[in-house]
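J.: My questions concern the predicted model and sequence given below.
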Amino acid sequence: MNQVMSNDLPEGLPLHSCVLKEQINGEVSLTFSIPSDHIDSKNVQIGDHIVLKDLDAIFRAFFIVDEQETHSDTFTRQFYAEDLGVNELNDEIVTDIRPQNTNAETALSRILKHTIWKVGQVDNLGINSMNVYYESVMSGVKKMLQTWGGELRFRVTMNSQNQITGRYVDLLSQLGRRTGKRFEYGKDLTNVERVVDIKMIKTALFGRGKGVEDENGTGFGRRLNFADVEWSQERGDPCDKPLHQEWIGDPESLGIWGHVSPDGSKRHRFDVFTSEEETDAEKLLQKTWERLHEIKQPMITYKMDVIDLEQVSAQEYKHEAIRLGDSVFVIDRKFSVDVQLEARIIELERDLISPENTKVTLGNVLGDIGSYVKELQDELKKKVSIGDPIGWLEGARDIENIEFERSGAYVYMNDVDGLLTTNRPKGNIDHPPDAAVQIKSAGVRIANSLKPDGSFDWKTFMTAGGMIADNITSGKIRTNDVEIGDDDGKVLISRGSVIIKGGELEVYSTPNATDTGVMIKGNKISTNFVKNPEFLFQPNGEVDWYLHSGVKYDTSKKVTVDCSENMNFVGVSQYLDISHEKATFQALFKTNQIGGSTPKRARIVLYNFDENGNQLESRTQVEEFSIYQENLLLTMSVVFPKGTVRCKLWVQVELKKNVEKGMELLWVKGNYDDIVTQQQMSMYPRDVYNVDSVPEIQIFRASVDHSGLAANVYRNCGRIQFDKPFSPPEETGSVSVLLTPSESKSVDYHASAYNIDRTGFNLFIRTFTAIPAGTLEVSGLAYRAGYMANIGLSI
């Protein structure tokens with residue numbers, strides 16, 4: 001049974017409270033309360049699954065493990081739910097797996113193999129090895145985190161019936177982003193607590209690796225150490241470590257945090273670092289040194305009560321978004337010492353009902369704001385906020401204001417230099433100025449660096465003739481004309497018109513350009529309004545295609561269909577909003593059963609609906625594979641019934657034979673016909689099936705110098721390279737080449753192409769008559785069409 005809890009539905013089960021707590025590689029839990037006297041309260045019980053759609057539209061699943069019911073002024077039931085992934089994987093056992101010298105994705109796949117959880121997004125975390133022996137799957141996942149590093153996230157996908165359709169484990173190099181978000185006292189920061197903990201500080205570590213195999217090869221003895229490895233700073237090593245010493249220490253940390261002996265000298269704070277699978281002493285030393293750097297300083301955390309401005313108004317304050325793992329700034333000038341720092345969010349307790357009660361814990365302090373300004377100025381030249389230009393622009397203004405306030409101002413004025421302002425005194429020999437603004441009658445120029453000769457590198461100019469700058473950041477630019485690029489490729493924007501020369505215009509509905517979109521190139525306009533046309537399923541909490549019984553999305557990222565003797569048409573479906581009366585649908589199918597007498601069919605079906613949900617006349621088209629045909633492109637041109645605003649698209653296959661993965665769906669596209677004029681449609685090639693062949697074409701001319709050729713000679717003239725390689729062969733049809741001798745010599749010789757591939761071909765000349773020394777000219781056309789019919793002949 002499904003029960004929806006929401007404060008937005010008048011008759012729904014309301015939430016009195018709801019707090020999502022997240023820690024990096026730690027606790028992820030959901031605590032919520034509901035009225036116990038509500039009629040639907042009984043539908044929520046211990047052991048139930050709770051699915052929450054977070055602020056990034058990712059579905060997070062939880063398992064209720066605890067309940068408390070109180071009766072006071074109100075009747076309340078409070079529940080505590082833990083992450084569903086942790087709950088389920090703690091109850092699964094790995095008997096014995098030993099991923100060796102492999103990547104994190106492969107290791108995670110082996111750990112999850114016999115569970116209902118799948119590998120999700122896994123970043124490149126390098127090559128490592130580990131063993132998991134009679135432990136829970138969750139224990140194995142934690143071992144992975146210790147071995148490969150990375151940060152963990154569990155998520156699920158849902159269908160329209162609120163059912164969990166997939167469980168995924170993501171292993172990311174780092175959660176969150178460096179956003180430039182600032183928590184400032186008086187704006188969204190209500191309380192700050194600074195905690196300094198030195199209990200875990202160590203200034204030196206012994207290193208231990210894998211057990212060393214005994215002489216008989218039947219067991220393992222003492223663990224590997226790095227006593228036989230020597231480090232020397234003179235040779236470029238991080239510090240000195242003599243031979244035969246089994247530990248590595250940090251002299252600087254020793255001086256600050258070492259224990260004080262009676263004679264005043266300092267003694268190291270020791271601990272032992274173990275890398276279970278490391279078999280190389282030098283690598284063990286490096287790992288031990290890296291671990292020492294993580295624990296040689298106090299652990300400083302900032303616990304803050306903040307107002308979650310994004311929840312207050314997602315549109316107005318989208319740039320104020322905070323996520324687990326984000327690097328943020330904290331500014332509190334009312335502390336005993338000014339707090340101006342950058343740190344990561346290591347724990348986030350988000351109150352989903354009362355955003356003003358959100359709590360943030362910061363750790364891994366990265367530095368003060370000043371150390372970040374220069375880096376962020378460079379980053380702001382790139383895209384730092386998805387879908388919200390005002391967000392990054394406001395961040396840019398904030399950073400520039402910080403930099404402006406921090407900069408110095410030393411003013412010089414004379415008849416030669418005019419008015420010159422520098423960031424440091426001109427007479428400072430050790431630290432000369434490297435930023436300046438100069439004002440003269442000709443205009444203003446600005447420099448933020450020096451040339452190799454020590455003079456200012458002026459790059460920004462403002463004169464009566466205009467402005468020149470490397471980078472301009474602006475919320476709005478008002479002008480009559482904009483010109484971008486050069487003669488090789490240019491964009492002109494003038495008085496409401498956009499002209500593109502030597503390029504194309506592409507418009508997509510999603511930031512990553514994987515969904516629907518329009519492309520304009522030359523005299524052709526193409527649009528595709530089918531979501532996820534190439535089945536690039538990266539589960540993100542939203543369902544584009546519904547896979548029906550027998551249809552799978554396998555590990556090689558293909559949509560396959562298991563066929564059987566009693567099957568009817570099966571496949572995938574998707575709901576589409578319709579905005580034009582005419583459209584053409586195309587679907588590319590593949591069969592893994594070439595030959596045989598059993599028919600193989602492909603079908604497109606459209607169930608059409610009006611604005612009130614009433615079903616209108618449907619549309620269907622079926623085509624059958626020929627006996628030896630492997631790929632079939634099914635094209636269906638439709639005129640939607642009058643009043644159609646929505647349709648359900650079915651793409652299906654039928655093969656009445658017991659064959660696992662007998663058929664495949666490669667892609668599905670839908671194009672509105674009335675966006676392309678008939679005149680434009682006639683300008684590019686079509687094959688005999690009346691299908692747009694989407695050709696790749698190259699036209700060229702080849703010249704062959706020779707010292708004279710006899711009659712009836714067959715000569716290899718060498719390799720001709722295409723100006724640009726064609727697409728890989730698995731994506732489209734074969735490359736073909738047509739060659740024509742120059743008009744004046746066409747009766748003297750014949751030109752042909754051999755050994756054709758996507759990069760070029762061998763040119764052969766066959767003479768019919770003797771040809772005196774000179775140059776032979778050959779014109780050529782090379783092409784590849786996106787659709788190739790399969791025709792079988794017997795002779």
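T.: Perfect, I can see it now.

J.: Report the secondary structure state of the residue nearest to residue 610 when sequence neighbours are not counted.
T.: Excluding the flanking residues, the one nearest residue 610 by C-beta to C-beta, 6 or more residues apart in numbering is residue 643, at 4.3 Å. For every residue, glycine as well, the C-beta is placed using N, CA and C. Per DSSP: H, G, I helix; E, B strand; the rest coil, the secondary structure class of residue 643 is coil.

J.: Would you check that my belief about residue 643 contacting residue 615 is correct?
T.: No. Using C-beta atoms under 8 Å, residue 643 makes no contact with residue 615, being 11.2 Å away.

J.: how's the protein carved up into domains?
T.: Domain segmentation of the chain under automatic domain parsing yields 1-175, 178-198+299-346+355-404, 204-295, 407-464, 527-681, 696-784.

J.: can the ones you listed go into TSV with extra columns for mean pLDDT?
T.: Below are the domains of the chain laid out as TSV (pLDDT from 0 to 100):
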stretch	mean pLDDT
domain 1-175	90
domain 178-198+299-346+355-404	65
domain 204-295	88
domain 407-464	82
domain 527-681	82
domain 696-784	82
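
J.: So for residue 505, which of those sits nearest?
T.: Nearest to residue 505 among the domains of the chain is domain 527-681; the distance by C-beta to C-beta comes to 12.0 Å.

J.: Show the contacting residues for residue 70.
T.: With contact set as C-beta atoms under 8 Å, 6 or more residues apart in numbering, residue 70 has these partners: 76, 78.

J.: Settle this for me: residue 463 is touching residue 440, isn't it.
T.: No. Residue 463 is beyond contact range of residue 440, at 9.9 Å (criterion: C-beta under 8 Å).

J.: Show me the helices in the stretch 101-250 of the chain, by range?
T.: 104-111, 137-148 (DSSP state H, counting those that start in this stretch).

J.: possible to save those as JSON lines with distance to residue 663?
T.: Shown next, in JSON lines, are the helices of the stretch 101-250 of the chain (distance: least, C-beta to C-beta, whole Å):
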{"stretch": "helix 104-111", "distance to residue 663": "26"}
{"stretch": "helix 137-148", "distance to residue 663": "34"}
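
J.: Include distance to residue 309 and mean neighbour count when you put the ones you listed into a markdown table, please.
T.: Conversion of the helices of the stretch 101-250 of the chain to a markdown table gives the following (distance: least, C-beta to C-beta, whole Å; neighbours: other C-beta atoms under 10 Å):
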| stretch | distance to residue 309 | mean neighbour count |
| --- | --- | --- |
| helix 104-111 | 35 | 21 |
| helix 137-148 | 32 | 20 |
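
J.: quick one: residue 88 is in a strand?
T.: No. Residue 88: not assigned to a strand; according to three-state DSSP it is helix.

J.: Residue 448 against residue 437, yeah?
T.: No. With contacts counted by C-beta under 8 Å, residue 448 stays clear of residue 437, the gap being 9.8 Å.

J.: neighbours of the nearest residue to residue 51 once chain neighbours are set aside, just the number please.
T.: Closest residue to residue 51 apart from its sequence neighbours, by C-beta to C-beta, 6+ apart: residue 61 at 5.1 Å. For residue 61, the neighbour count with other C-beta atoms under 10 Å is 22.

J.: name the element residue 61 belongs to?
T.: Using DSSP states H and E, residue 61 sits in strand 59-71.

J.: Can you tell me the strand partners of the helix or strand following that strand and which way each runs?
T.: Per DSSP H and E, strand 59-71 leads on to strand 75-83 as the next helix or strand towards the C-terminus. Applying DSSP bridges, strand 75-83 is found paired with strand 28-35 (antiparallel), strand 59-71 (antiparallel).

J.: could you dump those strands to a markdown table with distance to residue 206?
T.: What follows is the strands paired with strand 75-83, written out as a markdown table (distance: least, C-beta to C-beta, whole Å):
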| stretch | distance to residue 206 |
| --- | --- |
| strand 28-35 | 34 |
| strand 59-71 | 40 |
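
J.: tell me the most buried of those?
T.: Mean neighbour count (mean count of other C-beta atoms under 10 Å) peaks for strand 28-35 among the strands paired with strand 75-83, with a mean of 20.

J.: Show me the contact partners of that one.
T.: Against strand 28-35 from outside (C-beta under 8 Å, 6+ apart): 5, 13-22, 41, 44, 50, 52, 60, 62, 74-83, 86, 154.

J.: and the end-to-end length of stretch 576-590?
T.: Terminal residues of stretch 576-590 lie 24 Å apart, using C-alpha to C-alpha, to the nearest Å.

J.: from the chain's centre, how far out does that stretch sit?
T.: Relative to its chain's centre, stretch 576-590 lies at 28 Å (C-alpha atoms, centre = their mean, to the nearest Å).
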